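Engineer: one predicted model, sequence on top.
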Amino acid sequence: MLDDWLGARRGYQIRRAMRHGKVTVLCLLMTVVVLRGTIGAGRFGTPEQDFHDLRDHFYSRKRVEPHRVLEEVSTESGRSASAQSESTQSSSSSSSNSYETFDISKILVDEGEEEKRDPSKPYSLGPRISDWDEQRAEWLRNNPDFPNFIRPNKPRVLLVTGSSPKPCENPVGDHYLLKAIKNKIDYCRVHGIEIFYNMALLDAEMAGFWAKLPLIRKLLLSHPEIEFLWWMDSDAMFTDMAFEVPWERYKDSNFVLHGWNEMVYDQKNWIGLNTGSFLLRNCQWSLDLLDVWAPMGPKGKIREEAGKILTRELKDRPVFEADDQSAMVYLLATQRDRWGEKVYLESAYYLHGYWGILVDRYEEMIENYHPGLGDHRWPLVTHFVGCKPCGKFGDYPVERCLKQMDRAFNFGDNQILQMYGFTHKSLASRRVKRIRNETGNPLEVKDELGLLHPAFKAVKASAS
Amino acid sequence: MGQDGLATQKRTSSSLPTTATNGRHPSRLLPRGRQIQKTFNNIKITILCGFVTILVLRGTIGVGNLGSSDADAVNQNLIEETNRILAEIRSDSDPIDPSEPPEADINPNVTYTLGPKISTWDDDRKNWLEGNPEFPNYVNGKPKILLLTGSQPNPCDNAIGDHYLLKAVKNKIDYCRIHGIEIVYNMAHLDKELAGYWAKLPMIRRLMLSHPEVEWIWWMDSDALFTDMVFEIPLSKYANYNLVIHGYPDLLFDQKSWIALNTGSFLFRNCQWSLDLLDAWAPMGPKGPIRDEAGKILTANLKGRPAFEADDQSALIYLLISQKDQWMDKVFVENSYYLHGYWAGLVDRYEEMIEKYHPGLGDERWPFVTHFVGCKPCGSYGDYPVERCLRSMERAFNFADNQVLKLYGFSHRGLLSPKIRRIRNETVTPLEFVDQFDVRRPVHGNSRS
């Protein structure tokens, strides 16, 4: 037809041009599609997203939410209607005797109003105290019944730990918290240390890992008889029941953490020290440190911005909001002259022991070494960083975390049970077996580790 | 003739098309075979292109499994795996060790004993204490107490059960820190025959014998909470007694009621008498036919007891009734304060108590211990509605926690709230409040170091 209008040759050329044009357009289209699939054109979406949208449009009722790995469907009340069709008898649970379907949030009631802080004023942990050493010394003089040293080299220590007042999101999280606190109770009973288990959020602005700061300050000021405050995370367990912290080593230090000087001061590595287990002396210096540590903590914009600064300044730190550990590294690295002298970065024993390199070696340790060493041969503390058993998802596979926590618990528990003649059947087993028969002369039997009546628990003979 | 020729020509031209003819519609003039070949070529190319397209699409979108994407499949696997792990952790199963011999069955003909008989414990202990003055049984004039409590080694049937066990242990830690009492939290079944509520007996005996410096062993159930943080047990009242237990003498001797005493909270002195009582108490405990038979005897002899296997409380009551002369002179049945306080009559009155009374009384005005008998939050079913139980436990916990937080200047925002509010501003002289509010100060009548 074209030929009739334009002539044969012209028509042929135009047809050829059109053919070429078609091919070009087709190739262009293919390129765009492939690029979109591989790179993803931002707000124009990817084919995958298209597919999801299409699928959702047709299958909206069966959408499975990603990441909700550890949820119990029956107890979730805030889910979308599609999931709720699976839960049963939610209406009758108010009078039922079954604990399975109960939702705790139904009974919790907050009376009164949230306290609101004045945002124009900078955050502070409390009014500045500048004569704490004098106040405390006077109080100790007036109260000789509450000495800060139980024996010449044994300061009075308060171990502080804690967890959320609400049930864990993970159904077995509370069980592991219970085991962890039992573990701490055992160590502290053997070593004459007091425990404070915190379940209250003292300051809503310092929530999360920062919650320990207002708590520590409050406890230091309310318990002047305490010489050292030992903060320990809820996911850390004692695995050496016989090891006594070498208090004399710290007589000139106020802050003891596990870490390495080079990694903190030279490399500014964000894991150069660990704030999951540390000792803080009750003195003016510590109050000042807390005041300088706190400003990066307040929730919201301050914490976000601080997080960016820390990621920029510290080595290997991933991008997330400011945490207390990175803030401390930064603080020490930048103000070494002011604080460094009284900070002791301990690496001779595991005041904090990263679990990843320890838990597989327990059998080897049992074979080759003995409790009381506290270091890589028999760690004092095995700290399950990253496992987050109370939350829904941690940084490591669930099975590894929970099974290893069981093993670490049993490893520590064996040292307690051996006092009474028992041990776990294996590091993975909850059952116990006898290792020493009952006898008619129990007082002649000494436990192997000498933990029943250890020297570090002895009371001064004159005190009664 | 001409027409034939034309027709032939036409036929020829139509049957033998040549490419050299006018280029109007060249395809129509191609031989048949060529046409088919061309069609095949086209089809081949089409199939190839289609194949490539599907490959590319599959790579970008992932149309592998129709109806679910890659990420979801992975998630599904994760969920299943995690549920399997949780079920395994929750079950009571143990990894089987092939090298271990199978456990011997209980021989009902052999009388069960807690251990070899000890008959000189009082003297042995006295000698030991004299030889070890650095482990005295009296510190600052107060006898050394060891609080024993515990729970099952595996997770509760429901997560909420473990949560309340955790809160209960925090509550005990607080009371014991304030009053200088040591805690032993037991999570092991020392004796497989004496499992369940009987598990406390071997543990009490074991602790007594291992810790001669402990003067009193105080057993407390895991579902009992301290609600009076100031009250201290008046141990001087019990100088001539070896067992202190909450109960009512008339219910015990006149009515022979199975709830005349409560073994959820009691104190045992560390002495020979206690060892003898434990030995006399244990025989009804061993799991199996012994416990079942004993249960029948107890139901027959005690008023109001339902039919179930022998429990330690009924067994103790029966023992004390039937061997009254042997034991009762050293047993103090206490009811002037709530060493054990049945929760149902107490939890609703907390607000009234806060208004009218103050801590330190320990009795019905401000109960020392609120014991949640029958709630069984660690199991699947309790004897009472779940909401009532959990609500009451939360209230009791917060009621007690307020007394602890008072020193720090905080209080819960309501007895059902996990959140706290400030009741005292921060100050630069915190020690004046410490003197005023710390329970351990002499102003409260307590002194410890």
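Structural biologist: That came in fine, so what should we check first? Just so you know, these numbers come straight off a predicted model, no measurement behind them.
Engineer: spell out which residues of the stretch 151-300 of chain B are next to chain A.
Structural biologist: Counting by CB under 8 Å from any CB of the partner chain, the positions of the stretch 151-300 of chain B adjacent to chain A are B:151, B:153-163, B:165-167, B:169-170, B:173-174, B:177, B:182-185, B:187-190, B:206-207, B:209-213. Yep, even glycine has a C-beta here, placed from its N, CA and C like the rest.
Engineer: near the nearest residue to residue A:273 once chain neighbours are set aside, how many other residues are there?
Structural biologist: Excluding its sequence neighbours, the residue lying closest to residue A:273 (CB to CB, 6 or more residues apart in numbering or on different chains) is residue A:259, at 2.9 Å. When neighbours are defined as other CB atoms under 10 Å in any protein chain shown, residue A:259 has 26 of them.
Engineer: name the element residue 293 belongs to?
Structural biologist: Picked chain A for this. Taking DSSP states H and E as the definition, residue A:293 sits inside helix A:284-293.
Engineer: try again with chain B
Structural biologist: Residue-wise, residue B:293 maps onto helix B:289-301 under DSSP H and E.
Engineer: hmm, back to that, okay, and which of the residues of the stretch 151-300 of chain B next to chain A map to strands?
Structural biologist: Among these, DSSP state E puts B:182-185 in strands.
Engineer: in stretch A:249-266, what's buried?
Structural biologist: A:250, A:253-261, A:263-265 (16 or more other CB atoms under 10 Å in any protein chain shown).
Engineer: swap in stretch A:155-170?
Structural biologist: A:155-165, A:167-170.
Engineer: the residues you listed: which ones sit near chain B?
Structural biologist: Under the cut-off given by CB under 8 Å from any CB, chain B has A:163, A:165, A:167-168, A:170 from these close to it.
Engineer: can you show me the helices along the stretch 151-300 of chain A?
Structural biologist: Taking DSSP state H, counting those that start in this stretch to define them, one finds helices in the stretch 151-300 of chain A at A:173-191, A:212-222, A:261, A:284-293.
Engineer: report the contact partners of residue 197.
Structural biologist: Because you didn't say which chain, this covers chain A. By CB atoms under 8 Å, 6 or more residues apart in numbering or on different chains, the contact list for residue A:197 reads A:161-163, A:181, B:169-170, B:173-174.
Engineer: I was after chain B.
Structural biologist: B:263, B:311-313.
Engineer: about what we covered before: turn the ones next to chain B among the buried residues of stretch A:155-170 into JSON lines, columns for pLDDT.
Structural biologist: Listed next are those as JSON lines, based on pLDDT from 0 to 100:
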{"residue": "A:163", "pLDDT": "94"}
{"residue": "A:165", "pLDDT": "91"}
{"residue": "A:167", "pLDDT": "92"}
{"residue": "A:168", "pLDDT": "92"}
{"residue": "A:170", "pLDDT": "88"}
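Engineer: I'd like the next helix or strand past the longest helix seen in chain B.
Structural biologist: Using DSSP state H to define each element, chain B has its longest helix at helix B:32-60. Of the helices and strands lying after helix B:32-60 in sequence (DSSP H and E), the nearest is helix B:70-90.
Engineer: just the CA atoms of that next one, as CSV, please.
Structural biologist: What follows is helix B:70-90, C-alpha atoms only, in CSV (Å, rounded to 0.1, in the frame of the first residue of the first chain):
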residue,chain,number,x,y,z
ASP,B,70,11.6,-17.1,48.1
ALA,B,71,11.8,-15.0,51.3
ASP,B,72,8.5,-16.4,52.5
ALA,B,73,9.7,-20.0,52.0
VAL,B,74,12.8,-19.3,54.1
ASN,B,75,10.7,-17.7,56.7
GLN,B,76,8.3,-20.6,56.8
ASN,B,77,11.2,-23.0,57.4
LEU,B,78,12.6,-20.7,60.1
ILE,B,79,9.3,-20.7,61.9
GLU,B,80,8.9,-24.5,61.7
GLU,B,81,12.5,-25.0,62.9
THR,B,82,12.1,-22.6,65.8
ASN,B,83,8.8,-24.2,66.9
ARG,B,84,10.5,-27.5,66.9
ILE,B,85,13.4,-26.2,69.0
LEU,B,86,11.0,-24.6,71.5
ALA,B,87,8.9,-27.8,71.7
GLU,B,88,12.1,-29.8,72.4
ILE,B,89,13.2,-27.3,75.1
ARG,B,90,9.8,-27.4,76.7
